[in-house]
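Novice: I'd like to go over a predicted model; first the sequence, then the structure.
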Amino acid sequence: MLELQILGFLADGPLHGYELRRLVAQLSGYTRPVSDGSLYPAIKRLVKRGLLERTVEPGAVAAQRNVLHLTDAGREELLNRLREPAEHEITDNSRFFAILAFLSLLPDERQRRAVLRRRLEFLEQPASFFYDGDRPLRSDELTDRYRQGMLRIARATSSAERAWLCEVLDDGEQA
């Protein structure tokens, strides 16, 4: 997810490391805070794989600053990850939102719609946080009010997301 966010933000243009860190933190920091200990090693791995380039430019006062650029290989890697997200990137909310944040970078509308259809198919499967054997439990089957709350909130969120996905997919079919 972190590498996808790095590639996605750099698709808009070169950034300094601290600017990139701020953007990543704004996108997902409330659910998964990003630390320098995870961001900079991820950047280093992407540079080593030839997906990013690092250049040095003079600083405003005295210190030089590293500027990160997306390479052609990095752009292709980003598009591949958006085109064919892993199953866990479709099923995990935070990971899917990272995909969604950059999905408009895919130039092919059919490919964007295929990703959205995968998410919709996942959301339409019966699921719960709590089960009786293999059967998902509904909130009205639970006596614990906090577990009921979890399921009610999840159902409302899932319902809103399904409605949005259907709306977007229907708009694409009409176009």
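Specialist: Cool, got the structure.
Novice: Low-confidence regions, the protein specifically.
Specialist: 29-32, 59-62, 172-175 (pLDDT under 70).
Novice: Mind giving me the packing neighbours of the longest helix along the chain?
Specialist: Longest helix of the chain, by residue count under DSSP state H: helix 145-174. For helix 145-174, the elements it packs on are helix 109-123, judged by 3 or more CB pairs under 8 Å, 6 or more residues apart in numbering; DSSP states H and E. Using the backbone N, CA and C atoms, a C-beta is placed for each residue, glycine as well.
Novice: in the helix it packs on, what counts as buried?
Specialist: Buried residues in helix 109-123, defined by neighbour count with 16 or more other CB atoms under 10 Å: 112-113, 115-116, 118-120, 123.
Novice: Which residue, neighbours along the chain excluded, lies closest to the most centrally placed residue in the chain?
Specialist: For the chain, the residue sitting closest to the mean C-alpha position, by CA atoms, centre = their mean, is A98 at 1.1 Å. On the basis of CB to CB, 6 or more residues apart in numbering, the spatially nearest residue to A98 that is not a chain neighbour turns out to be M1, at 4.9 Å.
Novice: Outline the domain layout of the protein.
Specialist: Following automatic domain parsing, one finds the domains of the chain at 2-107, 126-175.
Novice: Now do the strands in this structure.
Specialist: Assigned by DSSP state E, the strands in the chain fall at 15-16, 52-57, 65-70, 131-132, 135-136.
Novice: Extract the CA atoms of the third one and return them as CSV.
Specialist: Read that as strand 65-70. As requested, C-alpha coordinates have been extracted for strand 65-70 and formatted as CSV (Å, rounded to 0.1, in the frame of the first residue of the first chain):
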residue,chain,number,x,y,z
ARG,A,65,17.1,18.6,-0.9
ASN,A,66,16.4,15.3,-2.5
VAL,A,67,13.6,15.4,-5.1
LEU,A,68,11.9,12.2,-6.2
HIS,A,69,10.8,11.5,-9.7
LEU,A,70,8.7,8.7,-11.1
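Novice: rewinding a little: quick one: residues contacting the residue nearest to the centre of the chain.
Specialist: 1, 4-5, 8, 27-28, 89 (CB atoms under 8 Å, 6 or more residues apart in numbering).
Novice: Go again with 10 Å.
Specialist: By CB atoms under 10 Å, 6 or more residues apart in numbering, A98 lies in contact with 1-5, 8, 24, 27-28, 32, 81, 85, 89, 92.
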